[in-house]
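Enquirer: Build me a structure from this.
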Amino acid sequence: MSSTVGTAPSRPVDSLEGRRGMRMSDFVVREAVLPSLHAATKEEAIREMVASLRAAGHIKASEEESIVKAILKREQLATTGIGRGVAIPHTKHEGVDRLVGTIALSEAGVPFDSLDSQPVHIFVLLISPQDRPMEHLRALDNVATHLRDDLFCRFLRQAKTREAIWELLQEVDQTVRR
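Expert: Here you go, the predicted model:
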């Protein structure tokens, strides 16, 4: 028995083991994926992605504006443009009963107040229920892990169709479930 105070439990509840079980295809809505984002501003990009989730039937029309405002409010705290052409706008909202997300690509890039001041080409938007903060954090960690992979980002930016993006997600998901 160890006398070390603060030692991690032998089976972590929400560590790497937990992430292995979460796949991007578990929360990215295939029908909401946008291979060609038309937006020219941060707000337009967020609105377009939220609208794609509504059109796919994963958020109610009556909640759309409230969700957009929640994401924009989150952006005021600190940008989710993490650099290298990537942004992960997200929020927790009572308007969803499960974690949902979408991926959007912008060939031209969108000014997003990113940490490196560069335009964003790859967006992954996440909306989770307010009562599941750990699931929200696991999804953010999952997305950030994949988006740090230069090869994955390169292939993602080259994808021109929803199907090509989905196939890439399925491929990366296979590496998650070892």
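Enquirer: got a list of what L53 touches?
Expert: Listed by C-beta atoms under 8 Å, 6 or more residues apart in numbering, the contact set of L53 reads V29, A32, I59, V100, T102, L125, I127. Using the backbone N, CA and C atoms, a C-beta is placed for each residue, glycine as well.
Enquirer: In terms of pLDDT, where does it sit?
Expert: With respect to pLDDT, L53 scores 98.
Enquirer: Where does pLDDT dip in the chain?
Expert: Residues of the chain that meet the criterion pLDDT under 70 lie in 1-21, 176-178.
Enquirer: Spell out the residue ranges of the strands in it.
Expert: Remark: strands assigned in the chain by DSSP state E are 81-83, 86-87, 90-92, 100-110, 120-128.
Enquirer: Highest mean neighbour count out of the ones you listed?
Expert: strand 86-87 (a mean of 27; mean count of other C-beta atoms under 10 Å).
Enquirer: Helices along this protein, start to end?
Expert: Counting by DSSP state H, residue ranges of the helices within the chain are 16-20, 24-27, 42-55, 61-77, 133-147, 150-158, 162-176.
Enquirer: ok now the second one, how far from the chain's centre?
Expert: Distance of helix 24-27 from the chain centroid (C-alpha atoms, centre = their mean, to the nearest Å) equals 10 Å.
Enquirer: got it, and the fourth one?
Expert: Averaging C-alpha coordinates over helix 61-77 and over its chain gives two centres that are 15 Å apart (C-alpha atoms, centre = their mean).
Enquirer: Report all helices and strands that it contacts.
Expert: Contact here means 3 or more C-beta pairs under 8 Å, 6 or more residues apart in numbering; DSSP states H and E; on that basis helix 61-77 packs against helix 42-55, strand 90-92, strand 120-128.
Enquirer: closest to T79 out of those?
Expert: helix 42-55 (8.6 Å; C-beta to C-beta).
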